[in-house]
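Chemist: model the following, please.
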Amino acid sequence: RRAMPITASDGSAKFAKARPDLDDLIKRRFFYRQAFEIYGGVAGFYTYGPPGSAVKQNLIDLWRKHFVIEENLMEVDDTNIMP
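Modeler: Numbering: from 1, shown residues only. Below you'll find the model as predicted:
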């Protein structure tokens with residue numbers, strides 16, 4: 001008997017159900033949190049803890065390896081203030 005494939009809506013429902021647990025884990029392990037959280041927080045700004053900083057740096061390194069080195073594109077750095 002073949003299992004039915006998981007559809008996007010099934011995956012979305014499972015993620016929505018697991019989201020509070022994921023948010024709790026991220027806070028407890030200090031991957032990231034809202035910047036200035038003790039003062040009420042500032043929308044769009046985040047403070048990264050040690051594991052979050054490592055994940056962020058790994059993503060940047062992978063991006064750089066693909067686009068700058070393999071695709072021979074130029075890298076531009078700009079401010080990261082989100083609305």
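
Chemist: what about the lowest-mean-pLDDT helix or strand in the chain, distance to the chain center?
Modeler: Using mean pLDDT, DSSP states H and E, helix 8-29 stands out as the lowest-scoring helix or strand of the chain, at a mean of 88. Distance of helix 8-29 from its chain centroid, counting by C-alpha atoms, centre = their mean, to the nearest Å, is 13 Å.

Chemist: ok, the most centrally placed residue in the chain - contacts?
Modeler: The residue lying closest to the centre of the chain (C-alpha atoms, centre = their mean) is Lys56, at 7.7 Å. Lys56 is in contact with Tyr48, counting by C-beta atoms under 8 Å, 6 or more residues apart in numbering. Just so you know, the C-beta spots here come from the backbone N, C-alpha and C atoms, and that holds for glycine as well.

Chemist: any idea how far Glu70 is from the closest residue to Phe30 other than its chain neighbours?
Modeler: Once flanking residues are discounted, Phe30 sits nearest to Gly49: 3.2 Å by C-beta to C-beta, 6 or more residues apart in numbering. Distance of Gly49 to Glu70, given as C-beta to C-beta, to the nearest Å: 31 Å.

Chemist: re the thing from before, who does whichever helix or strand comes after the least confident helix or strand of the chain pair up with?
Modeler: Per DSSP states H and E, helix 8-29 leads on to strand 32-34 as the next helix or strand towards the C-terminus. Applying DSSP bridges, strand 32-34 is found paired with strand 46-48 (antiparallel).
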